[in-house]
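Chemist: sequence and computational prediction follow.
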Amino acid sequence: MARKSQNGSSVFIISLILTLIFIIWGVFFTDNLAHVTDIIYNGSIDYLGWVYLAATLFFVIFSIFLLFSRYGDIRLGKKTDRPDFNTASWLAMLFGAGMGIGIVYWGVAEPVTHYTSPPYGEPYTVEAANTAMKYTFFHWGLDPWAIYTIIGLALAFFQYNKKLPASISSAFYPMLGDRIYGPIGKTIDILSIFATVFGIATSLGLGAMQVTAGMHDIFGVPNGLIVQLIVIAVATVLFTISINTGLERGIQYLSNAAMILSFAIMLAILILGPTLTVIKVFFNTTGLYISDFIHMSLRLQPFGTGEWIASWTLFYWAWWIAWAPFVGMFIARVSKGRTIREFVIGVLIFPTLGTCLWMSIFGGSALELVQNTGNHDLATHITENVSLSIFTFFDYLPLSSLLSILGFAVVAIYYITVADTATFVLGMLSEGGTLNPSNKIKVTWGVIQSALAAVLLLAGGLEVLQTASIAAALPFTIILIVMCFSLLKGLKSEVDVQRGNKNMTRSIKN
């Protein structure tokens, strides 16, 4: 226990120092940071984009293999353990941590953007609309959730079945042994914290921009930097209060509230909007998505510029991988007591269906609106001001004021939930893998995240930070691939142990 505590302390201190150095670099040498991160990012996308495609497709295949494999009946924990959270709350927390504010931010904007600038074919056509929805499903469907499935399952299995600390390095125990407590393990955990801090800080900055945009649309509040900073400050106070209520109350209640409001908005738009079109979009796009999945998964355009793929698909894959330590750690924390088959269905299948349904309702309705009005200016307004896109869309529907208020509430709750879950995960990583980190550590990381988001908004460096987060994804891609084989090795040993126990029981009975 002393070794774990000491490791946790050093990981926290080193991660904190690196974070502060990066903040100073970003504030005082923004141009230099932008130049360095651009070189790394562009190099990884241009020369190693195929690695992202191949790895992400592998994660989907591996997740599906686990679903139908002999390992599906293994329970995460003891055989007598049962889930800490009911299924509805569990799914709500998964969705909030994994997608949450992202689908609200892009639910309208991405399909319309692909409609106006498709990956191939002519814009503003029926074919462009079908392609737009197909690629929106692709970017938000199985692939990101497969990434979360892999890392979440590996962390949960080694925490609950092998009794190892709740840290990323624990997933490599079959390969590294006790070296996970040494420099190699510490390096893995520090990289995990580093990626998580900056990925979340970027999301908090973007979230503050969308919350401010919502306040501007509903209440006429100025949509400026000062208001964005005030939003971050208020949000910090709110999620600090939530942190101190614990996982079973704060995060669970927020996730449930966000999910209920999300369903209410979806149902309202389904009724008030083009209901038949939405149903057709969901079924048609699901068919296109399934039939073209392999083609989209491996599409690189070797004889073209490939600029669209780099800007969208490769960017998304790198972004999901950069988020993986945070989301995977949180999913593992709330999934004790479930079988591997339940886990894969809950983390891979249900969220994919939910996300595709959301995109069908918002994206399908928005495309119908743009097509019916024939107003290219509306499409331009949506794509050029993404923060306001969902509120712009609401303005064209009945009960627009009510929808805007509900949409604002969902954005605000998801914003708090992401910050809350992130501080919880950073606390776990910083304290040597404890499942219940101290409030002091969580509050420290919460303040740092908010300060980093505020500082980067002031410095105009959110784009730089986003690029840096993506650039850090390449080594994590390799880590995740190795993690798959480490998990497979651990599962095999678990089955062998269970078989040995059964044989021993039979011998005793005989």
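Modeler: Nice, I can see it. Numbers count the residues shown, from 1 in each chain.

Chemist: for this protein, where's the lowest mean pLDDT among helices and strands?
Modeler: None of the helices or strands of the chain scores lower by mean pLDDT, DSSP states H and E than helix 462-471, at a mean of 68.

Chemist: buried ones in the following helix or strand past it, by neighbour count?
Modeler: Using DSSP states H and E, the helix or strand that directly follows helix 462-471 along the chain is helix 473-509. Under the neighbour-count criterion of 16 or more other Cβ atoms under 10 Å, helix 473-509 has 473-474, 476-477, 479-481, 483-484, 486-488, 490-491, 494 buried. C-beta: built from backbone N, CA, C; applies to glycine.

Chemist: name the helices or strands packed onto helix 473-509?
Modeler: Helix 473-509 sits against helix 30-68, helix 142-160, helix 173-176, helix 183-219, helix 315-333, with contacts defined as 3 or more Cβ pairs under 8 Å, 6 or more residues apart in numbering; DSSP states H and E.

Chemist: can you tell me which of the ones you listed is nearest to Ile309?
Modeler: helix 30-68 (7.4 Å; Cβ to Cβ).

Chemist: list the contacts of the following helix or strand past the closest one.
Modeler: Next helix or strand after helix 30-68 toward the C-terminus (DSSP H and E): helix 87-98. Here helix 87-98 makes contact (Cβ atoms under 8 Å, 6 or more residues apart in numbering) with 83, 85, 144-145, 148, 251-252, 254-256, 258-259, 326-327, 330-331, 334-335, 338, 346-347, 350-351, 354, 414, 417-418, 421.

Chemist: average pLDDT for helix 87-98, rounded please.
Modeler: Helix 87-98 shows a mean pLDDT of 84.

Chemist: how far off helix 315-333 does it point, in degrees?
Modeler: 140 degrees (axes from the mean of the first three to the mean of the last three Cα atoms, to 10 degrees).

Chemist: report the buried residues of the helix or strand following helix 87-98.
Modeler: Moving toward the C-terminus from helix 87-98, the next helix or strand (DSSP H and E) is helix 101-106. Within helix 101-106, the residues that count as buried by 16+ other Cβ under 10 Å are Ile101, Gly102, Ile103, Val104, Tyr105, Trp106.

Chemist: I'd assumed Val411 was in contact with the first one.
Modeler: Yes. Assessed by Cβ atoms under 8 Å, Ile101 is found in contact with Val411 at 6.3 Å.

Chemist: overlap in contacts, these two.
Modeler: By Cβ under 8 Å, 6+ apart, the residues touching both Ile101 and Val411 are Gly207, Gln210.

Chemist: lowest average confidence across the helices and strands packed on helix 473-509, which one?
Modeler: The lowest average pLDDT among those, as it happens, falls on helix 183-219, at a mean of 82.

Chemist: list the buried residues of the next helix or strand after that helix.
Modeler: Next helix or strand after helix 183-219 toward the C-terminus (DSSP H and E): helix 225-243. Of the residues in helix 225-243, those buried by neighbour count under the rule 16+ other Cβ under 10 Å are Val227, Gln228, Leu229, Val231, Ile232, Ala235, Thr236, Leu238, Phe239, Thr240, Ser242, Ile243.

Chemist: reformat those residues as a markdown table; add distance to Ser291.
Modeler: Shown next, in a markdown table, are the buried residues of helix 225-243 (distance: Cβ to Cβ, whole Å):
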| residue | distance to Ser291 |
| --- | --- |
| Val227 | 46 |
| Gln228 | 43 |
| Leu229 | 47 |
| Val231 | 43 |
| Ile232 | 44 |
| Ala235 | 42 |
| Thr236 | 46 |
| Leu238 | 45 |
| Phe239 | 42 |
| Thr240 | 48 |
| Ser242 | 43 |
| Ile243 | 45 |
